[in-house]
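Visitor: Task: produce atomic coordinates for the following.
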Amino acid sequence: MINRRDLIQAGAAAAAIIAGGRFGGFDRALAQQKLTQAQLLQFKDLGNVTLLHFADLHAQLLPVYLREPAVNIGFGESQGQPPHLSGREFLRHYKIAAKSPDAYALTAEQYLTLARSYGQLGGLDRLATAVKAIRAERGQDRVLLLDGGDSFQGSLASNRTKGQDVAGCLKLLKLDAATCHWEFTYGKDGFEKLDDALPYPFLGLNVKDAQQAETALDECKIFDKGGVGIAILGHAYPHTGNVHPPSVLPPFSFGLRERDVRAAVDRARRKGASLIVLLSHNGFDADRKLAANVSGIDIIFTAQSHEALPQPLKVSRTLLVASGSHGKFLSRLDLDVHTEGLRNFRYRLIPLFADAIAPDAEMAQAVARARAPYAAELARVVGQTESALYRRETIDASFDDLIGAAIAAERDAEIVFFPGYNWGPTLLPQSPITVEDIHAATAISYPEVYRGEVSGARIKEILEGAADGLCNADPYWRLGRGMLRCSGLGYRLDVRHAAGKRISALQLLRNGKPIEPERNYTVAGFGNVAERVEGPPAWEVVEKHVAAQKTVHIKPQAAVKVAGV
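Guide: This next block holds a predicted model:
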C-alpha cells in the first residue's frame, strides 16, 4: 500500500523533474541534497589574515555552465606540470574522485552528464553570499577581497556601457583592489570613467604613461589587517599593447617588468609590510617564472590563463594561487602572518554551485537592474544547438568552430582567422542559442569582421607568429592560452621546432590542396590588431548565420595536428 510519505516523496520527485526540464532536474535535486552551502563554505580557519580572490569574471553576472579544457597543453618546462593537466590526469594528481562535485567543476571528464546533475556555477549573487559569510566569520579587520582582472568585458551590456553595468554590481562586494587587462580596451575615457566609478583602485606597477616616465596606475596599496601590514602589488596584463589595436587603448606602455617588481617589493618591505602579495594578470606560466626570479613575494594570485587549481603551487618561497574564471570559484587563503613574515597557510578553492548557495538579495537586485535595459534583447532566441558549444581549449573548441563557419559563410571566405579567446560560457546540447550567448563569445571592443586577399606565404607567417605567442620557450613572451583559431585551413604544429619553423603541411580544406605560397586566398576574421579595419561586428555575422541554420551541429575538428607534446 502507498502511504502518505510515499506520496510526498513521489510528489517531490515529480516537481524536481518538472523544474529541471530537459536538464535532468531529478538528478540535480539528488546531487544538491548531498551538496550544501554549509559544506561548500566549511573551512577550519587559521591565523590572523584571510585573502579572497577571484579573476577573469568576463562580465558574467549570472551563473553559467563552463566546461574546463579537455586538453591543457604545456610548453617547455611547464609541459606535464600543473596547471597543464586535464581530465583523469588532473583528477589523479589532486586525488579527486571521479564524478564528484570537484571533478565536475575542475575538469571536462563526463562533463555533459555531470552538468545535468550539478547545474551551473557562479553568479555575483552567490559570490556575494560567500564573501559576506567569510567576512562575518573572520571579521572585516582580517579579510581582503581582490579581483585579478578582466571583470568588465565579455557581454553585450558590458560592451554597451564600457563595463559600467559590472561596476555597479561589484561596488556592493566592497573589494579592496584589482588589476586589469581588457578594461584598457575601452580607451582612455572609458577606462578613466570605470576607474572613477569604483571605490577601490586598479593597481599596475608595470603600466606607464606614454613617455614611460612614471607609472600610470598605483603600484601598491598597503593594508593593516590582522595586526600586520599587507602590501598588495598590482601587475596588469603585460602584453596589452601587443595584442590590441593602439586606437582602442589609453596612451600607456606595458611590459613584464621584472626589475620593477623587485624594486616594488623592496619598497613595500621598507614601508613595513610583513606580507607581499602580487595581484597579477600575467598568466600562470609567466608568474611561475617570476616567482622563481624575484625573491620576497609571499603570494602571487595569478590570472589571465583562466586555470583553477585546488591547491597553491609553491615556487621557492612563493605560493601561486589560480582561481579560475567566469565567477565559478572563490579562493580563500587563510594566513598566519607575524611582523617577521608568513608562518603558515590553509587554502580552499570554493566552487560556487548555484543550486547549493543561496543568492544574496542585495546583489541579485543589482544584477537585475544592470540587465534590465537589455533583458528582452538578451533573451531573444536565434537558433538551437544539438552540440555542446564551449570555448576553453588550447587549439580548437566547438564554439570557435561555429564562429569560424559563420564568418566563412557570411563573408564568403576560404579561410578565417580570429584569436583563441578563452572566455565565454558553455552551451549544453539541445540548448537555445540566444543573443546573450552570441555576445558572450564575441563581445570585444574591435569586433569588425574584415575580408581581404592574403598570400599563402603570409598565411604561414601569421600562423608562425601565433605559434610563437603560444609556445615561446620564454614564458614571459607567451601571449595567452589559446592558438589562433582558423576555419577552412589545416596544418601541423610541431612545438619542438624553433620559431618560424613550427608550422607545416598547410592545406585548404575545401579542396584538400596544399596552400601555395605565391597564391592569394580570400581571408576573413575579426580581432585584428591593425587600424582602420572595416566590416560588420562579429556578433552580427554569427547571429545571421545561426538564424539561417536554425539548428547548429558541430562536427569534431581534426584539421590541426599537434606534435611534440
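Visitor: what's the distance between the closest residue to Ala55 other than its chain neighbours and Ala130?
Guide: Closest residue to Ala55 in three dimensions, ignoring its sequence neighbours and counting by C-beta to C-beta, 6 or more residues apart in numbering: Gly148, at 2.8 Å. The way it works is simple: take the backbone N, C-alpha and C, and place the C-beta from them, glycine included. Computed as C-beta to C-beta, to the nearest Å, the Gly148 to Ala130 distance reads 16 Å.
Visitor: Counting neighbours, go ahead and name the busier of those two.
Guide: Each of Gly148 and Ala130 had its neighbours counted (other C-beta atoms under 10 Å), and the higher figure belongs to Gly148 (27 against 21).
Visitor: Do I have it right that the more buried one meets Asp56?
Guide: Yes - under the criterion of C-beta atoms under 8 Å, Gly148 lies in contact with Asp56, with a separation of 6.7 Å.
Visitor: For those two, list the residues in contact with both.
Guide: When contacts are counted by C-beta atoms under 8 Å, 6 or more residues apart in numbering, Gly148 and Asp56 are jointly contacted by Ala303, Gln304.
Visitor: Helices of the stretch 1-150 of the chain, residue ranges please.
Guide: In chain order, the stretch 1-150 of the chain shows helices spanning 4-20, 25-33, 37-41, 87-94, 101-106, 111-118, 124-138, with DSSP state H, counting those that start in this stretch as the criterion.
Visitor: re the thing from before, I'd like to know how far the residue nearest to Ala55 sits from Asp494.
Guide: If you measure Gly148 against Asp494 using C-beta to C-beta, the figure is 33 Å.
Visitor: got it, and Val367?
Guide: Plainly put, Val367 is 46 Å away from Asp494 if you go by C-beta to C-beta.
Visitor: From the neighbour counts alone, determine which of the two ranks first.
Guide: Set side by side, Val367 and Asp494 show more neighbours around Val367, with 23 against 17, by other C-beta under 10 Å.
Visitor: pretty sure the more buried one is touching Cys169, no?
Guide: Yes - proximity of Val367 to Cys169 meets the contact threshold set by C-beta under 8 Å, at 5.7 Å.
Visitor: joint contacts of these two?
Guide: Leu61, Leu124.
Visitor: Just give the nearest non-adjacent residue to Pro101, would you?
Guide: Nearest non-adjacent residue to Pro101, counting by C-beta to C-beta, 6+ apart: Leu35, 5.7 Å away.
Visitor: Is there a neighbour count for the closest residue to Arg519 other than its chain neighbours? I'd like the number.
Guide: Leaving aside its sequence neighbours, Arg519 sits nearest to Gly456 (C-beta to C-beta, 6+ apart; 5.3 Å). The number of residues packed around Gly456, counting by other C-beta under 10 Å, is 18.
Visitor: Phi and psi next, for Gly456.
Guide: According to degrees, to the nearest 10, the main-chain angles of Gly456 amount to phi -60, psi -40.
Visitor: circling back to that earlier point, worst mean pLDDT among the helices of the stretch 1-150 of the chain?
Guide: For these, the weakest mean pLDDT is recorded on helix 4-20, namely a mean of 33.
Visitor: does Arg510 belong to a helix or a strand, and which?
Guide: Applying DSSP states H and E as the criterion places Arg510 outside every helix and strand.
Visitor: can you give me phi and psi for it?
Guide: Taking degrees, to the nearest 10 as the convention, Arg510 sits at phi -70, psi -30.
Visitor: how much space between it and Leu484?
Guide: Using C-beta to C-beta, one gets 19 Å for the distance from Arg510 to Leu484.
Visitor: Comparing the two, which shows the higher neighbour count?
Guide: Leu484 (19 against 11).
Visitor: contacting residues around that one?
Guide: With contacts defined as C-beta under 8 Å, 6+ apart, Leu484 is in contact with Phe417, Phe418, Pro419, Gly420, Ile462, Leu463, Ala466.
Visitor: rerun at 6 Å
Guide: With contacts defined as C-beta atoms under 6 Å, 6 or more residues apart in numbering, Leu484 is in contact with Phe417, Gly420, Ala466.
Visitor: thought the first one was touching Ala524?
Guide: Okay, so that is Phe417. No - the pair Phe417 and Ala524 does not pass the contact test of C-beta atoms under 6 Å, sitting 7.9 Å apart.
Visitor: Verify the stated contact: the residue nearest to Arg519 with Asn520.
Guide: No - Gly456 is beyond contact range of Asn520, at 7.9 Å (criterion: C-beta under 6 Å).
Visitor: neighbours around the closest residue to Tyr476 other than its chain neighbours, how many?
Guide: The spatial neighbour of Tyr476 that comes closest, neighbours along the chain excluded (C-beta to C-beta, 6+ apart), is Leu256 at 4.8 Å. Using other C-beta under 10 Å, Leu256 has 22 other residues around it.
Visitor: Could you do the one 3 residues further on as well?
Guide: Here the neighbour count serves as a burial measure; for Arg259 (other C-beta under 10 Å) it reads 8.
Visitor: same check, this time on the one 5 residues further on
Guide: Neighbouring residues of Ala264 were enumerated by other C-beta under 10 Å; the total is 25.
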